[in-house]
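Q: coords below, sequence missing:
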């Protein structure tokens, strides 16, 4: 088979899969809209630090770079996982490491008294970052459950469809992170 | 258990995807992450140019991942996905762009500092919420500037803080005096412009220290300046 099936050539099951993928895509786009609003909030409130420390005092591009590489690599292994399912195990580990680094960063900030309540800037920061982090956590949970299913029942049609949806979700989260890296961790250091 | 998922014959959305495509996307993304990081941490440049460059690179990386990871728009099937993505992108540009535009405009015209200085200027409120606004009290020297259709006299005034500045016109017409240059207006004492009527002079209090220029809005070549120092 050297071309994708057109609508006429699809079986019922293939057409159903196709609709599922599109429905999930629609969900991703609405999720993207929510993130866009959170980005706008962050950009507007970037300098509203209430006299306290701002982005350049609190945030570290180094930590963000580590997280960027972790998430990017996990997004890459998702792609490989669609060829050979073992790679999804690595995706899970990288995703968990990403979450660990992010929680460490939160802990350091809160430990030094920089909480969500400190300023409008920190509220916007924590809301944007933890919304993304919760998506990652949900993705990890979802991936863990699928992998258990795969171990128990093998690569059934329904398991493969779940993995395909998850891969879309994971690539999407990595694309959102590109903008978090740029807007949250790099933009304040440009001096604008 | 390196089973090939595609052997099940399921449309996984990556039927055009290959390991090669993912490797290319991965390497490109790494490069497009390293460049802005290096530019920002090494301070190769600063300011708006740098901001536009790193935002541009982020967009480029997004398209790299959409193309090499999501395989959007490849093959005959997922065209409606592309259309939906395009519509979402349009909405995002609208929502984010318009929010930033509105909030920036609001901040420029109504930032807390601006409001305080303006109240000090117009209402002569010396204290607000227990904080001094910088409003002046008592009588101080008055400096007079006469505006005609060709020039302002004198062109330069040196004053101490809390002196007053009177604008008067001699050509019998109303004038709008704006602070800063025609291209780059600035505010003085929270005001961007002073309207001077032909029949009476307009007095402002010099409550802000520094060097300032002003010009006639209808004739930007008529320029004057003043400097205010602490007494």
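A: All right, it came through fine. Bear in mind the structure is a predicted one, so any value in this text is a computation, not a measurement.

Q: the helix ranked longest in chain B packs against which elements?
A: Using DSSP state H, we find that the single longest helix of chain B is helix B:79-110. Using 3 or more C-beta pairs under 8 Å, 6 or more residues apart in numbering or on different chains; DSSP states H and E, the elements in contact with helix B:79-110 are helix A:12-45. From N, CA and C alone the C-beta is placed, and that goes for glycine too.

Q: for the helix it packs on, name the packing helices and strands.
A: Judged by 3+ C-beta pairs under 8 Å, 6+ apart, the packing partners of helix A:12-45 are helix A:120-153, helix A:157-179, helix B:79-110.

Q: and the first one, average pLDDT?
A: What helix A:120-153 shows for mean pLDDT is 96.

Q: tell me the angle it makes with helix A:157-179.
A: Orientation of helix A:120-153 against helix A:157-179 (axes from the mean of the first three to the mean of the last three C-alpha atoms, to 10 degrees) gives an angle of 160 degrees.

Q: any part of helix A:120-153 near chain B?
A: No. On the criterion C-beta under 8 Å from any C-beta of the partner chain, helix A:120-153 is out of touch with chain B, staying 8.7 Å away.

Q: in that helix, what counts as buried?
A: Using 16 or more other C-beta atoms under 10 Å in any protein chain shown as the test for burial, helix A:120-153 gives A:121-126, A:128-129, A:132-133, A:135-137, A:139-140, A:143, A:146-147, A:149-150.

Q: and if you look at the shortest one?
A: Neighbour-count burial for helix A:157-179, with 16+ other C-beta under 10 Å as criterion, is recorded at A:159-179.

Q: packing partners of it?
A: helix A:12-45, helix A:61-81, helix A:87-111, helix A:120-153, helix B:47-68.

Q: is there proximity between the shortest one and chain B?
A: This points to helix A:61-81. Yes. Counting by C-beta under 8 Å from any C-beta, chain B is contacted by helix A:61-81 at A:61, A:65, A:68-69, A:72-73, A:75-76, A:78-80.

Q: related to what we said a few turns ago, tell me which of the helices and strands packed on helix A:157-179 lies nearest to residue B:190.
A: helix A:12-45 (22.1 Å; C-beta to C-beta).

Q: got the angle between the closest one and helix A:120-153?
A: On the basis of the same axes, to 10 degrees, helix A:12-45 is oriented at 160 degrees to helix A:120-153.

Q: list the buried ones in helix A:12-45?
A: A:17-18, A:21-22, A:24-25, A:28-29, A:31-32, A:35-36, A:38-45.

Q: wait, what's in contact with the residue positioned nearest the centre of chain A?
A: Geometric centre of chain A, nearest residue: residue A:173, 2.6 Å, by C-alpha atoms, centre = their mean. Residue A:173 makes contact with A:71, A:75, A:132, A:135-136, A:139 under the criterion C-beta atoms under 8 Å, 6 or more residues apart in numbering or on different chains.

Q: related to what we said a few turns ago, JSON lines for the residues of helix A:61-81 next to chain B, including neighbour count and pLDDT?
A: Shown next, in JSON lines, are the residues of helix A:61-81 next to chain B (neighbours: other C-beta atoms under 10 Å in any protein chain shown; pLDDT from 0 to 100):
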{"residue": "A:61", "neighbour count": "19", "pLDDT": "94"}
{"residue": "A:65", "neighbour count": "17", "pLDDT": "97"}
{"residue": "A:68", "neighbour count": "24", "pLDDT": "97"}
{"residue": "A:69", "neighbour count": "16", "pLDDT": "97"}
{"residue": "A:72", "neighbour count": "24", "pLDDT": "97"}
{"residue": "A:73", "neighbour count": "19", "pLDDT": "96"}
{"residue": "A:75", "neighbour count": "26", "pLDDT": "95"}
{"residue": "A:76", "neighbour count": "26", "pLDDT": "95"}
{"residue": "A:78", "neighbour count": "28", "pLDDT": "93"}
{"residue": "A:79", "neighbour count": "27", "pLDDT": "90"}
{"residue": "A:80", "neighbour count": "19", "pLDDT": "91"}
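
Q: looking at the residues you listed, which is nearest residue B:40?
A: Closest to residue B:40 out of these is residue A:61 (6.5 Å), distances taken as C-beta to C-beta.

Q: excluding its backbone neighbours, what's nearest that closest one?
A: residue A:185 (5.0 Å; C-beta to C-beta, 6 or more residues apart in numbering or on different chains).

Q: what's the burial count for the closest residue to residue A:32 other than its chain neighbours?
A: Nearest residue to residue A:32, sequence neighbours excluded (C-beta to C-beta, 6+ apart): residue B:88, at 5.8 Å. Neighbourhood size, residue B:88 [other C-beta atoms under 10 Å in any protein chain shown]: 19.

Q: residue B:88 contacts residue A:33, correct?
A: Yes. Proximity of residue B:88 to residue A:33 meets the contact threshold set by C-beta atoms under 8 Å, at 6.3 Å.

Q: what sits against residue A:184?
A: A:42, A:55, A:59, A:64, A:125, A:128-129.

Q: ok, it to residue A:122 distance?
A: Note on residue A:184: its distance to residue A:122, by C-beta to C-beta, to the nearest Å, is 12 Å.

Q: flag the shaky bits of chain A, pLDDT-wise.
A: Applying pLDDT under 70 to chain A flags residues A:1-9.

Q: so what's residue B:8 scoring on pLDDT?
A: pLDDT recorded at residue B:8 is 40.

Q: ok, residue B:4 next?
A: We have a pLDDT of 46 for residue B:4.

Q: for residue B:168, give me phi and psi.
A: Main-chain dihedrals, residue B:168, degrees, to the nearest 10: phi -130, psi 150.

Q: skipping adjacent residues, who's closest to it in space?
A: Nearest non-adjacent residue to residue B:168 (C-beta to C-beta, 6+ apart): residue B:201, at 4.0 Å.
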